[in-house]
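Student: predicted structure and sequence below. I'll ask about it afterward.
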Amino acid sequence: VFDNSPIGKIEVRGPHAAEFLHHIYCNNVHSLAVGRVRYGLMLNENGVIIDDGVFIRLAADHFLVNTTSAGVSRIMGLFEEWLQCEWTDLQVLVDDVTSQWANFTFAGPHSRRVLQALGTDMDLQAGALPHMAATTGLLAGLEARIVRVSFSGETSFEVNIAANQANHFLA
């Protein structure tokens with residue numbers, strides 16, 4: 001179990017959220033289905049990599065972007081600048097929600113069993129929650145979002161819960 005709460009978390013919402021992120025990532029954002037996750041390279045206006053991480057499509061018009069911990073304020077500033085100066089016709093809201101969500105990574109061959117032992121109404125089986133997918137429900141009696149993503153090759157689950165509930169989760 002790893003406390004990855006400092007990882008940058010930016011919500012991107014609005015009818016043009018996918019179009020906005022499609023301008024920024026070199027990946028195809030439009031084809032990402034709701035409930036799925038994609039690793040992406042974030043580019044500046046010159047095509048230079050400025051950040052990498054994952055983005056999650058929570059709804060047709062709602063994404064969660066994970067950035068490096070140290071880069072979240074820089075990336076947030078760039079998002080705001082691009083929306084105010086470059087792509088003023090896009091209807092998009094961005095919000096730094098880093099401090100609102102705790103993030104605990106459960107990794108290893110027994111991670112699924114550990115989460116199930118905490119009690120959950122989410123189906124965590126590989127067929128129901130494959131790699132690079134996300135789901136929401138209850139975990140240990142708390143509302144949670146679980147994202148199946150791994151950078152180590154191990155079976156891994158990132159658990160997002162409201163930051164003000166983190167102490168209850170750890171108890």
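Tutor: Arrived safely, thanks for sending. Treat the numbers as computed from the prediction; the structure is a model and nothing was measured.
Student: average model confidence for the helix or strand hosting residue 72?
Tutor: Secondary structure assignment for residue 72, by DSSP states H and E: helix 72-81. Taken as a whole, helix 72-81 has a mean pLDDT of 96.
Student: list the contacts of it.
Tutor: For helix 72-81, contacts defined as C-beta atoms under 8 Å, 6 or more residues apart in numbering pick out 8-10, 12, 24, 42, 44, 50-51, 65, 67, 94, 96, 98. Every C-beta, even on glycine, is put in place using the N, C-alpha and C of the backbone.
Student: using pLDDT, spot the least trustworthy of those residues.
Tutor: residue 44 (82).
Student: report the contact partners of it.
Tutor: 50, 78.
Student: change it to 7 Å
Tutor: Going by C-beta atoms under 7 Å, 6 or more residues apart in numbering, residue 44 touches residue 50.
Student: what's it sitting at in phi/psi?
Tutor: phi -90, psi -180 (degrees, to the nearest 10).
Student: which of the contacts of helix 72-81 fall in helices?
Tutor: residue 24 (DSSP state H).
Student: can you flag the buried ones in the contacts of helix 72-81?
Tutor: 8-10, 12, 24, 42, 50-51, 65, 67, 94, 96, 98 (16 or more other C-beta atoms under 10 Å).
Student: nearest to residue 124, out of those residues: which one, please.
Tutor: residue 9 (21.7 Å; C-beta to C-beta).
Student: on that earlier part again, let's have the contacts of helix 72-81 in JSON lines, adding distance to residue 110.
Tutor: Listed next are the contacts of helix 72-81 as JSON lines, based on distance: C-beta to C-beta, whole Å:
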{"residue": "8", "distance to residue 110": "29"}
{"residue": "9", "distance to residue 110": "27"}
{"residue": "10", "distance to residue 110": "32"}
{"residue": "12", "distance to residue 110": "34"}
{"residue": "24", "distance to residue 110": "37"}
{"residue": "42", "distance to residue 110": "33"}
{"residue": "44", "distance to residue 110": "41"}
{"residue": "50", "distance to residue 110": "37"}
{"residue": "51", "distance to residue 110": "32"}
{"residue": "65", "distance to residue 110": "30"}
{"residue": "67", "distance to residue 110": "30"}
{"residue": "94", "distance to residue 110": "37"}
{"residue": "96", "distance to residue 110": "34"}
{"residue": "98", "distance to residue 110": "29"}
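Student: just the contacts of helix 72-81 now: which is nearest residue 112?
Tutor: residue 9 (23.6 Å).
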